[in-house]
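Engineer: Need a 3D model of the following:
(one chain, ligands or ions: 1)
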Amino acid sequence: MIPYSHQSIDETDLEAVTNVLRGEWLTQGPHIEEFENSLASYTQAKFAVAFANGTAALHAAAAVAGLGPGDTVITSPLSFVASANCGRYVGASVNFADIDPKTLNLDPGTLPECDGLIAVHFAGLPLDLSRLQFQPRVIIEDAAHALGAITPDGPVGNCAHSHMCVFSFHPVKTITTGEGGAVTTNSEEFAEGLRRFRNHGIVRKPEEGGWFYEVATAGFNMRITDLQAALGTNQLKRADSFVARRNHLAEKYRDLLSGTGLVLPPGAQAGWVHARHLYPVQAPHRREVYDGLRNKGIGAQVHYIPIYRHPLYREGNDPSRFPHTEAAYARLLSLPLFPDMTDEQQRYVGDALISLLK
Ligand SMILES: *Cc1c(COP(=O)(O)O)cnc(C)c1O
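Structural biologist: Numbers count the residues shown, from 1 in each chain. The predicted structure is shown next:
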């Protein structure tokens with residue numbers, strides 16, 4: 001099966017991980033800080049705090065930003081359910097706004113009033129936060145798709161228009177640590193809060209003795225391991241080449257599939273870099289095309305079942321309120337796209353799709 005995405009692991013990754021296994025620390029070692037420093041430097045943020053996964057990072061960001069009961073959080077319905085669940089975890093109520101059919105992101109010009117925005121960069125195309133008509137108290141970017149994307153205000157992750165930016169390092173994302181995630185921010189206070197939240201709420205007080213710590217808030221164990229962090233640091237060195245290869249494959253898809261009647265995903269405007277996490281086309285008879293591709297060994301996927309369609313979020317969210325999301329969901333199909341995908345594999349996918357659309 002040609003998967004819709006796949007990690008890219010080379011010998012240097014193997015070496016990075018086995019070196020940690022031969023050393024002193026498996027968790028809480030020096031590679032975590034090294035990874036955080038590399039990520040802060042890559043995204044041009046002041047701070048990066050690594051987490052066990054992107055979902056934990058979203059949870060921590062929502063909590064540390066002070067979102068809670070009585071607050072309303074808005075996110076894109078065309079996203080993974082974690083974008084909404086982080087609001088639920090902290091007791092906020094979660095609402096959705098319809099997407100802009102051109103970008104498949106939220107429309108920054110028509111954002112309804114809310115206390116918190118979880119801004120999803122769908123497929124790796126950044127949501128233009130400089131165009132927000134309304135400034136929520138808290139803006140958190142869900143950049144799980146967008147490591148390596150760039151806007152005219154700099155790399156996604158520099159928090160030019162947000163308080164915090166969240167990444168995931170799941171194997172399908174730009175870089176991987178197995179499971180893993182991170183939050184970037186320019187606020188020292190948020191960075192400290194994030195470190196505390198991921199480590200049981202522990203605050204050390206060495207002036208009271210080397211052993212001494214206090215817990216004033218109920219944190220979690222959301223720590224990443226040193227093994228994962230070493231892999232992440234090494235992967236991050238190749239992030240730009242991964243994104244370049246993804247963009248190259250996306251351009252090839254455009255050539256292969258123009259004239260097929262498929263709606264192809266939007267590109268980045270001049271001055272922007274798309275991270276191309278997904279290549280979501282919109283196909284007529286999506287069910288038949290999906291099954292046909294799967295029968296030919298092509299692991300196409302659907303991103304996403306709109307979040308309001310899940311039982312957890314159905315109440316008060318009739319699908320008719322989201323006509324653009326509904327229209328997109330009826331046809332969306334993500335084609336395989338990952339750095340190690342060969343030109344031959346891509347031609348096979350293109351040919352299979354063309355024959356199915358005939
Ligand atoms: C992958 C993903 C997440 C969650 O990340 P995990 O590391 O899998 O927990 C959150 N939001 C979006 C949009 C994602 O694609």
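
Engineer: ranges for the helices of the stretch 251-358 of the chain?
Structural biologist: 286-295, 323-329, 343-357 (DSSP state H, counting those that start in this stretch).

Engineer: pLDDT averaged over the last one, what's the number?
Structural biologist: The predicted model gives helix 343-357 an average pLDDT of 97.

Engineer: One more: stretch 80-96?
Structural biologist: On average, stretch 80-96 scores 98.

Engineer: Would you mind listing the buried residues in that stretch?
Structural biologist: 80-90, 92, 94-96 (16 or more other CB atoms under 10 Å). For the C-beta atoms, the positions are set from N, CA and C on the backbone; glycine is no exception.

Engineer: Stretch 285-301 now?
Structural biologist: 286, 289, 290, 292, 293, 296, 298, 299, 300, 301.

Engineer: In TSV: those, plus distance to residue 343 and pLDDT.
Structural biologist: Output for the buried residues of stretch 285-301, formatted as TSV (distance: CB to CB, whole Å; pLDDT from 0 to 100):
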residue	distance to residue 343	pLDDT
286	26	97
289	22	97
290	24	98
292	22	98
293	18	98
296	18	98
298	15	98
299	18	97
300	19	97
301	21	98
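
Engineer: residue boundaries of the strands in the stretch 201-350 of the chain?
Structural biologist: Here the stretch 201-350 of the chain has its strands, by DSSP state E, counting those that start in this stretch, at 202-204, 213-215, 279-282, 332-335.

Engineer: mind listing what the first one pairs with, with the direction of each?
Structural biologist: Strands adjacent to strand 202-204 in the sheet, as given by DSSP bridges, are strand 213-215 (antiparallel).

Engineer: Give me the number of neighbouring residues for the one residue in the stretch 201-350 of the chain that gets nearest to the ligand.
Structural biologist: Using CB to the nearest ligand atom, the single residue of the stretch 201-350 of the chain nearest to the ligand is residue 277, 7.5 Å away. For residue 277, the neighbour count with other CB atoms under 10 Å is 29.

Engineer: From residue 217, how far out is it?
Structural biologist: 34 Å (CB to CB, to the nearest Å).

Engineer: So which residues on the stretch 51-200 of the chain come close to the ligand?
Structural biologist: Residues of the stretch 51-200 of the chain lying near the ligand by CB under 6 Å from any ligand atom: 53-55, 79-80, 82-83, 120, 142, 144-145, 168, 170, 181.

Engineer: can we see that at 8 Å?
Structural biologist: 53-58, 79-80, 82-83, 120, 122, 142, 144-145, 166, 168-170, 172-173, 179-181 (CB under 8 Å from any ligand atom).
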